[in-house]
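**Q** Please work out how this folds:
(2 chains)
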Amino acid sequence: MENKTRNWILTTVAVLLLVGFLYFADNYLDLYIVRILNVCAIYAILGMSMNLVNGFTGLFSLGHAGFMAVGAYTTALLTMPPAVKKQIYYLAPLMKPLDQINLAFPLALFVAGLLAAVVGGLIAAPVLRLKGDYLAIATLGFAEIIRVVFTNTQSITNGALGLKGIPALTNLWWSFGTAAFTLVVLRSLINSSYGRALKAIREDEIAAESMGINLAKHKTLSFVIGAFFAGVGGGLLGNLLGTIDPKMFSSMFTFNILLIVVLGGMGSLTGSIISAFIVTIANEVLRFLDESINLGFVVIQGKVGMRSVVFSALLMFVVLFYRHGLMGETEFSWDRLLASKICRRTRALFRKNLQQRGVDR
Amino acid sequence: MSLLKIQDVTMNFGGLTALRNFHLELAPGEIVGLIGPNGAGKTTVFNIITGVYEPTHGRVFFLEREITGLRPDLITKAGIARTFQNIRLFKGLSVLENVLVANHLHLKANYLAAVFKLPGYRREERRMREKALALLERVGLLELRDEQAGALPYGLQRRLEIARALATEPKLLLLDEPAAGMNPKEAADLTAFIKAIQAEFGLTVFLIEHHMDVVMNISERIYVLDYGMTIASGKPAEVQNNQRVIEAYLGVNEDAED
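**A** The predicted structure is shown next:
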């Protein structure tokens, strides 16, 4: 019980610190850094939602970019002012009710999530009969279909021209707030009886079914909830970037999220969050790889796309030698952190230091 | 009234007939054994009862209700639970979670109630936990509740699998070679354990077993399968002395034939 109080206090302090940091970042840090932080939080949402399907339920699904596209386009279309819409739809005018609709951002995000969830539910029935590699191929195909459809529905998505001038409504509060909400909801789901059923399906489908678990229902549940949060994440991303087009949501995007999930640990939500930050920040730090590097005596010509090579190599390394990722299937907890080697050593060091100074505790 | 009735069931896999014109009736409260050489079709019988296979021909009734070809999870819900020949625990989950998963089918709260921890769900979760802990205590696994199921020694994994099946609150328990790989002492313990839970939970037990000590000791009746056909059935003593059973197990002595 004592630990529980301590953990509660630590969590509250951590949340307050985070809020304080966000306030500071929002007001004093430059836009470039704020934008990276936003992307971190959005990737965390996308990673967690993909982890629910791939890590916790054991469904190897690669359709995430499709759900993100649905979410991003929905939110963008619902939040863009009618005047802007009129301006960018010059090949074919936007469909009737959509050109006048203008919703508040949170409502638009929610609708985006719902729509992505509906799409997820529609494809779940045929696709979830498949297993393993076949499921991966089918979901990958689905995401491509969405992309092609979006490229060709000129009067809804503006086709290959994409959407420009999407209002920049995503800020640190929305992205981090949504990430926190996602974490709380998914954690609660996973620790519930439904979560146990999902994990049982991952462990052994045949045994799960013979324990009375309706496979179709539970797989669909996981898939639909995953799609919902992918849609919300896509919506946040669209309104952060300001421009979206169908090419953005190619399978490469799904693989980026997959890298986050695998690196963080399949079956660890907090792992996905940590690795979302690592991958996003590394993506910025490694930007120099895409440019020419002058070593004084020799100039290495930059190749655009060198960063992707690094990430591909990283993914291979993780899969080959470090399959559990950063967190494996465990979640971050204060108990674990305080019991960790580094923490114990730091405390021992402190104590020693105090004793040397002759201060007795 | 019969609890389970299998009527003239035939199961073909392509050109292979795994089971031919199989009949079976179980009365409530019985312990019945199913034996036969390897490949005789014993596990096929289990898979037909539990809905893993839909029989090519014939019907299965449970509590007077037809369950032929019903989905496995619905059959479990109706009150039939099973264990597997090669243990199929949820290896990565804890011992307690394994039992809790088997309780999930009784959950009434929907997933939203579960996510937002509404009072109705909380109450159910608490009850599930109490029941699971009581069951673990009964089977002697309470101290190990937080261990990973896959890390348990073999004998305890078998026991946990039975506990998990019991958690679905079945009327009929199907055990597929529960004593496989056990030494005589362990097998004897298991026999006593099965008898005890059968009485305690008011179960009907139908088991496949190769350990003759276990089957002969525990079963009130025995069915013998060979090449998909029932070659004998009756009390253990009768079956033991049946010429066809002896031939199926030991082979025919060709020299002595004429």
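**Q** CA atoms for contacts and neighbours, from now on please.
**A** Fine.
**Q** Starting from the longest helix along chain B, tell me the next helix or strand along the chain.
**A** Looking across chain B with DSSP state H, the single longest helix is helix B:119-138. Next in sequence after helix B:119-138, counting helices and strands by DSSP states H and E, comes helix B:154-167.
**Q** Name the nearest residue to the residue of chain A found nearest chain B, ignoring sequence neighbours.
**A** When scored by CA to the nearest CA, chain A has residue A:212 as its residue closest to chain B, at 3.8 Å. Closest residue in space to residue A:212, ignoring its immediate chain neighbours: residue B:73 at 3.8 Å, by CA to CA, 6 or more residues apart in numbering or on different chains.
**Q** Report pLDDT for the one you found.
**A** Residue B:73 is assigned a predicted lDDT (pLDDT) of 95.
**Q** returning to that earlier point: let me know the angle separating the longest helix of chain B from helix B:154-167.
**A** Using axes from the mean of the first three to the mean of the last three CA atoms, to 10 degrees, the inter-axis angle of helix B:119-138 relative to helix B:154-167 is 140 degrees.
**Q** Run through the residues of the stretch 251-361 of chain A sitting next to chain B.
**A** Residues of the stretch 251-361 of chain A lying close to chain B (CA under 8 Å from any CA of the partner chain): none.
**Q** Where does the prediction get shaky in the stretch 251-361 of chain A?
**A** Low-confidence segments of the stretch 251-361 of chain A (pLDDT under 70): A:358-361.
**Q** which SS class is residue A:94?
**A** coil (DSSP: H, G, I helix; E, B strand; the rest coil).
**Q** Secondary structure element holding the residue nearest the centre of chain A?
**A** In chain A, the centroid-proximal residue (CA atoms, centre = their mean) is residue A:46; its distance is 1.8 Å. Here residue A:46 sits within helix A:31-51, counting by DSSP H and E.
**Q** what residues does chain B put near chain A?
**A** So chain B meets chain A at B:50, B:72-77, B:81-82, B:88-93, B:97, B:100-102, B:104-105, B:111, B:114-117, B:125, B:165, B:168 (CA under 8 Å from any CA).
**Q** and those residues, which are buried?
**A** B:50, B:72-77, B:81-82, B:88-93, B:97, B:100-102, B:104-105, B:111, B:114-115, B:117, B:125, B:165, B:168 (16 or more other CA atoms under 10 Å in any protein chain shown).
**Q** The residues of chain B next to chain A in helices, which ones?
**A** Going by DSSP H, the helices hold B:72-77, B:97, B:100-101, B:111, B:114-115, B:125, B:165 from the residues of chain B next to chain A.
**Q** Widest-spaced pair of those?
**A** Taking CA to CA as the measure, these span a maximum distance of 27.5 Å, between B:75 and B:115.
**Q** Got the domain ranges for chain B?
**A** Per automatic domain parsing, the structural domains of chain B span B:4-79+B:170-257, B:89-161.
**Q** can you list the residues that contact stretch B:18-30?
**A** Stretch B:18-30 is touched from outside by B:1-12, B:32, B:40-41, B:44-45, B:58, B:198, B:202-205, B:220, B:227-230, with contacts defined as CA atoms under 8 Å, 6 or more residues apart in numbering or on different chains.
**Q** What are the buried residues along it?
**A** Judged by neighbour count using 16+ other CA under 10 Å, the buried positions of stretch B:18-30 are B:18, B:19, B:20, B:22, B:23, B:25, B:26, B:28, B:29, B:30.
**Q** distance between it and the chain's centre?
**A** Offset of stretch B:18-30 from its chain centre (CA atoms, centre = their mean, to the nearest Å): 13 Å.
**Q** One more: stretch A:249-258?
**A** Centre-to-centre, stretch A:249-258 and its host chain are 11 Å apart (CA atoms, centre = their mean).
**Q** Would you mind listing the buried residues in that stretch?
**A** A:249, A:250, A:251, A:253, A:254, A:255, A:256, A:257, A:258.
**Q** Please apply the same query to stretch A:119-127.
**A** Neighbour-count burial for stretch A:119-127 flags A:119, A:120, A:121, A:123, A:124, A:127 (criterion: 16+ other CA under 10 Å).
**Q** Run the chain-centre distance for the helix or strand hosting the second one.
**A** Read it as residue A:120. Residue A:120 belongs to helix A:105-127 when elements are defined using DSSP H and E. Chain-centre distance of helix A:105-127: 16 Å, with CA atoms, centre = their mean.
**Q** Kindly calculate the angle that the next helix or strand along the chain from it makes with helix A:105-127.
**A** Where DSSP H and E defines the elements, the next helix or strand beyond helix A:105-127 is helix A:132-152. Angle between the axes of helix A:132-152 and helix A:105-127 is 130 degrees (criterion: the same axes, to 10 degrees).
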